[in-house]
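1. Provided below are the primary sequence and the corresponding predicted coordinates.
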Amino acid sequence: MAEPVPSGSDVSAGTYMCTSCSHELEIGSTKSLPPCPNCGNGEWHTVRGGDSVKDPYPDQR
Ligand SMILES: [Zn+2]
């Protein structure tokens, strides 16, 4: 499950954590992940939301 998501990936809205400095980033709308604004790292762990097929509540509003 803990597969890092590279920056530039198309992702859904959710919360992502930098694999390098643990900076958390919230993506509010569907777009590409940027590099970490804190350390410039380009990989993210999905904290919640995102593209996970295991998300039990897809698109809940
Ligand atoms: Zn970082």
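-> Perfect, thanks for sending it. Numbering: from 1, shown residues only.

2. show me what contacts the most centrally placed residue in the chain?
-> The centroid of the chain falls nearest to Tyr16 when counting by CA atoms, centre = their mean (3.4 Å). Tyr16 sits next to Val5, Glu24, Leu25, Glu26, Ile27, Leu33, Trp44, His45, Thr46, Val47, Gly50 when contact means CB atoms under 8 Å, 6 or more residues apart in numbering. Any C-beta I mention is one placed from the backbone N, CA and C, and that applies to glycine too.

3. and the residues you listed, which is closest to Ser12?
-> For those, the residue nearest Ser12 by CB to CB is Gly50; the value is 5.7 Å.

4. which parts of the chain are strands?
-> 5-6, 10-11, 14-18, 24-27, 31-32, 43-49 (DSSP state E).

5. which stretch among the ones you listed comes nearest the ion?
-> Proximity to the ion (CB to the ion) singles out strand 14-18 among the strands of the chain, at 3.1 Å.

6. quick one on the thing from earlier: buried deepest among the strands of the chain, which one?
-> Most buried of those, by mean neighbour count (mean count of other CB atoms under 10 Å): strand 14-18, with a mean of 20.

7. next, the angle from that one to strand 43-49.
-> Here strand 14-18 points in a direction 150 degrees away from that of strand 43-49 (axes from the mean of the first three to the mean of the last three CA atoms, to 10 degrees).

8. mind putting the strands of the chain into TSV with mean pLDDT?
-> Shown next, in TSV, are the strands of the chain (pLDDT from 0 to 100):
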stretch	mean pLDDT
strand 5-6	92
strand 10-11	86
strand 14-18	93
strand 24-27	92
strand 31-32	80
strand 43-49	91
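
9. residues of this structure that sit close to the ion?
-> Cys18, Ser20, Cys21, His23, Cys36, Asn38, Cys39, Asn41 (CB under 5 Å from the ion).

10. list only buried entries from those residues.
-> Cys18, Cys36 (16 or more other CB atoms under 10 Å).
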